[in-house]
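Visitor: Below is the sequence, then the predicted model.
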Protein chains: 2
Amino acid sequence: MVVFAGQGDPRRSMALLWRTPGSPEARTGPGPKPALNVDEIVDAAIEVADRDGMAGLSMRAVGERFGRTAMALYTYVPNKAELLDLMYDRAHAELPTEYAPEPGWRATLSAWAGDLWEFYLRHPWVLQVSQARPVLGPNEYVVLETLLRILYRTGLDAKTLRRTVGTLFHFVRGIAQTATEARHAKVATGMSDEDWWYARSALLAQVAPDFAERFPTVTRMEGDQGFQLDDETVPYLEQESRETFKFGLAVLLDGIESAMARSA
Amino acid sequence: MVVFAGQGDPRRSMALLWRTPGSPEARTGPGPKPALNVDEIVDAAIEVADRDGMAGLSMRAVGERFGRTAMALYTYVPNKAELLDLMYDRAHAELPTEYAPEPGWRATLSAWAGDLWEFYLRHPWVLQVSQARPVLGPNEYVVLETLLRILYRTGLDAKTLRRTVGTLFHFVRGIAQTATEARHAKVATGMSDEDWWYARSALLAQVAPDFAERFPTVTRMEGDQGFQLDDETVPYLEQESRETFKFGLAVLLDGIESAMARSA
DNA sequence: CCTGATATCCTTACGGCATAAAAAGATAAC
DNA sequence: GTTATCTTTTTATGCCGTAAGGATATCAGG
């Protein structure tokens, strides 16, 4: 499921995201000093989400990491949605920010997209945080700044630039989502892609004996080239995703190139 | 969140999806006749999901549509994941299957992508059903068959064809997801895009007064062309999504065209 | 018509979730 | 030592999916 984040007080959200001085460390009054801090909690939550996915991310699970109850976290974070925002932004901090411009914008953009792809594979839950209302955290802006620096040299006008940015992100996100879900499904069912497909197509033959007549083009294409593994050690779906990623990226880069030619 | 579907007995799943004779209507034994049927339930569930989103889709909510409890549904459908599979496949039945080939593959593919885009806007929850292990229902195959029929005339080889299919789907899904989430967020917060952005950028200025120095390229791009609404009646994010969709699609089609040229 | 088998459907219950409210416990300023 | 203030736990509410068992309706065979 897509999880919506950031429904709370916007002022507090932004202050948390941008670490505005005010609430955090500076305190001198009576009462116990806070034993935890937001960063620790966000890191722990990211670890939980990396390991157990969005479904395994519960306030209880995060609290347990510190030997606390779920409610203990509410001192540091207003609610789960805010925690998600913080996780989202913090995770993006690990993306590279510097790309050597020498190899040209095309190669640089490829490298950038590859890094983003791997980032999503490392943190699949990131793909499940809604993109509609951007979190607007500092690290998200760093990522955008990085991409824009690469794209700026293409000389595209602002409007085209914005749409290129959107297209690139959506594309990488879309394929990464499928790739990570493939991995997740394998873990969940304990079945390899090949076994799963084999079992399913046997069932398909039983349940739709007239498959070839009903779906002639599908049948023809599957016949032309079924499963062909370049590397036996990598699961089929993951391999196929990676190939589709490369292919689609090349197509997009070609398209950007012709847009450049048009605007020049 | 992404919802995983189809964890039950594969044999039963497929029989349900493909309406294999066996369990359904043919029954003569004792006991009351079933008052509901799977189709009704699936339709009701789709209506619930269309209206209230994936978050609002609960067995209880669907049962209420028939004046029943949640448990009553378990006679017809083994569990919620299966119901989701059935919803997913059934929804796809409303996609067009025939496209006139006259205008050429490029125009036809545009029309197809536009129809898919609108389908996702009508049924945003579809985007939250995992794509990793395809549901393998009849209507999903019809959709694939339709797309392949359009693409077949491009003369691309099977491998490229498969990757093109993947790229097209991911792209449309990716942008549609953002567009539908934008709509959802507006409904949830009761705030227009403009108001939301206005409030947020005021906060941003407060919280990061050095924004322009930290993100010079972002600042420059936003300065070049901020909000520029072509149509005041359509919310900004939705409009922007649509434009990005058109742009990205054109780019993809260009890319396919050059792939054709290369393979010819 | 009666009986027994079989099906649908409901009630109840369990364990999970986020989180509100309030109580308990710790700490530092006075 | 008292008190105000903060962290943390406890308790509770209302959701969720669904397991288990019981109530009820329906039909076949006698």
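Guide: Yep, it's here.
Visitor: can we go C-alpha only for contacts and neighbour counts from here?
Guide: OK.
Visitor: Check which element follows the helix or strand in which A:Asp89 is found along the chain.
Guide: Using DSSP states H and E, A:Asp89 sits within helix A:80-91. Per DSSP H and E, the first helix or strand lying C-terminal to helix A:80-91 is helix A:105-122.
Visitor: Just the mean pLDDT for that following helix, thanks.
Guide: Per-residue pLDDT over helix A:105-122 has a mean of 96.
Visitor: Show me what that helix is packed against.
Guide: With contacts defined as 3 or more CA pairs under 8 Å, 6 or more residues apart in numbering or on different chains; DSSP states H and E, helix A:105-122 has these neighbours: helix A:138-152, helix A:158-189.
Visitor: between these, which one is nearest to A:Thr97?
Guide: helix A:138-152 (5.6 Å; CA to CA).
Visitor: pLDDT of the closest one, averaged?
Guide: Per-residue scores along helix A:138-152 average to 95.
Visitor: and if you look at stretch A:48-61?
Guide: Average pLDDT, stretch A:48-61: 96.
Visitor: three-state assignment of the residue of chain A found nearest DNA strand D?
Guide: Nearest residue of chain A to DNA strand D, counting by CA to the nearest atom of the strand: A:Gly31, 3.2 Å away. Here A:Gly31 is recorded as coil under DSSP: H, G, I helix; E, B strand; the rest coil.
Visitor: do A:Gly53 as well
Guide: With three-state DSSP as the basis, A:Gly53 sits in helix.
Visitor: Give me the neighbour count for A:Gly31.
Guide: 6 (other CA atoms under 10 Å in any protein chain shown).
Visitor: now swap in A:Glu40 and tell me
Guide: Using other CA under 10 Å: A:Glu40 sits among 11 other residues.
Visitor: How about A:Asp157, nearest residue that isn't a chain neighbour?
Guide: What sits nearest to A:Asp157 in space, not counting adjacent residues and going by CA to CA, 6 or more residues apart in numbering or on different chains, is A:Ser263, at 7.8 Å.
Visitor: ignore the last one, A:Ala208
Guide: B:Trp18 (7.3 Å).
Visitor: That neighbour reaches B:Leu136, doesn't it?
Guide: No - using CA atoms under 8 Å, B:Trp18 is not in contact with B:Leu136; the gap is 9.3 Å.
Visitor: Where does pLDDT dip in chain A?
Guide: A:1-8, A:21-27, A:131-133, A:184-191, A:193, A:223-235, A:264 (pLDDT under 70).
Visitor: returning to that earlier point: kindly provide the distance from the residue of chain A closest to DNA strand D to A:Ala250.
Guide: A:Gly31 is 59 Å from A:Ala250, where distance means CA to CA, to the nearest Å.
Visitor: What of A:Phe169?
Guide: Between A:Phe169 and A:Ala250 the computed distance is 14 Å (CA to CA).
Visitor: A:Val42 too?
Guide: Distance from A:Val42 to A:Ala250, by CA to CA: 36 Å.
Visitor: And the two? Which one has more around it.
Guide: Counted by other CA under 10 Å, A:Val42 and A:Ala250 do not tie: A:Val42 has more neighbours, with 22 against 17.
Visitor: since we're on the nearest residue in space to that one that is not next to it in sequence, how many residues are nearby?
Guide: Of all residues not flanking A:Val42 in the chain, A:Met87 sits nearest, at 5.6 Å (CA to CA, 6+ apart). The tally of other residues near A:Met87 (other CA under 10 Å) stands at 24.
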